[in-house]
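> Task: produce atomic coordinates for the following.
(one chain, ligands or ions: 1)
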Amino acid sequence: MPGRYIAFEGVEGCGKSTHVKRLATHLDALITREPGGTVVGTMLREILTNPANTQLSPHAEALLMAADRAQHLRELVVPALAAGRHVVSDRSVYSSLAYQGYGRGLDLAELRRLNDFAIGSRWPDLVVYIRVDLAAVRRRLAKRDTDRFERADDDFFTRAIHGFEELAQQEPNRWLIIDGTPPKDELELIIRRAVTERLGV
Ligand code: TMP
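Predicted coordinates for the structure are as follows:
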């Protein structure tokens, strides 16, 4: 039996990283992330997140994200799934639609084509979208040094949130919408139950 490909999505401050770890541990899944899941991806992530790269154009940003993803799918995700291992990823192709598409304003149909090429049409089986509002983003970013993305303004994050909401509505069978406000331990169980219900894992 091939493994299942589960991606977590949501804006900064939604608690994704904690729940990626918890669900991956529970499922004994491969835990990974975009950008930066591979050695090459770590290098691309440094370019993408470095606040000194103020000149990076939205198109270059989209292509670097897609390059990270192309490597990630071929080096890690697809082989793990083929070997019967579940994969839990912190972000996926849908982050590009939300951030580069809705956020930066790049054409969504072009981004879908570019990214479909990058991932060899292997879209996640399930997207766990942790829904929080802009206030949660601001609370999170107030607590730490910000990277290049985190320096974006409220309008950018508002557009990204709107993007995730629209994407979730377009594919209700692929997306799970999880309210991000309950305490961590409670949320962990909510996610676990919902994933089992959807995928039978
Ligand atoms: P992270 O901090 O959640 O690991 O992600 C790094 C940043 O990259 C985050 O602000 C979201 C952004 N991002 C995109 O803009 N497009 C993408 O395709 C991905 C995967 C992440």
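> the helices in this protein, which residues?
Secondary structure of the chain by DSSP state H: the helices cover 16-27, 39-49, 58-72, 78-82, 93-96, 108-118, 134-142, 154-170, 184-199.
> Show me what counts as buried in the longest one.
Of the residues in helix 154-170, those with enough neighbours to count as buried (16 or more other Cβ atoms under 10 Å) are 156-161, 163-164, 167-168. Any C-beta I mention is one placed from the backbone N, CA and C, and that applies to glycine too.
> low-scoring pLDDT stretches of this protein, where are they?
For the chain, applying pLDDT under 70 flags no range at all.
> give me every residue that touches D28.
Shown in contact with D28 (Cβ atoms under 8 Å, 6 or more residues apart in numbering): H86.
> rerun at 10 Å
By Cβ atoms under 10 Å, 6 or more residues apart in numbering, the contact set of D28 is 85-86.
> Phi, psi for it please.
When read as degrees, to the nearest 10, the backbone of D28 gives phi 50, psi 50.
> Can you report how many residues neighbour S89?
For S89, the count of nearby residues is 27 (other Cβ atoms under 10 Å).
> pretty sure it is touching R122, no?
No - using Cβ atoms under 10 Å, S89 is not in contact with R122; the gap is 11.6 Å.
> how much space is there between D155 and Y102?
D155 is 11 Å from Y102, where distance means Cβ to Cβ, to the nearest Å.
> my guess is L199 meets P124, correct?
No - in this structure L199 lies outside contact range of P124 using Cβ under 10 Å: 11.1 Å.
> Give me the common contacts of those two.
Common contact partners of L199 and P124 (Cβ under 10 Å, 6+ apart): 4-6.
> could you redo these as a markdown table and give each row distance to the ligand and neighbour count?
Output for those, formatted as a markdown table (distance: Cβ to the nearest ligand atom, whole Å; neighbours: other Cβ atoms under 10 Å):
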| residue | distance to the ligand | neighbour count |
| --- | --- | --- |
| R4 | 20 | 20 |
| Y5 | 15 | 24 |
| I6 | 15 | 26 |
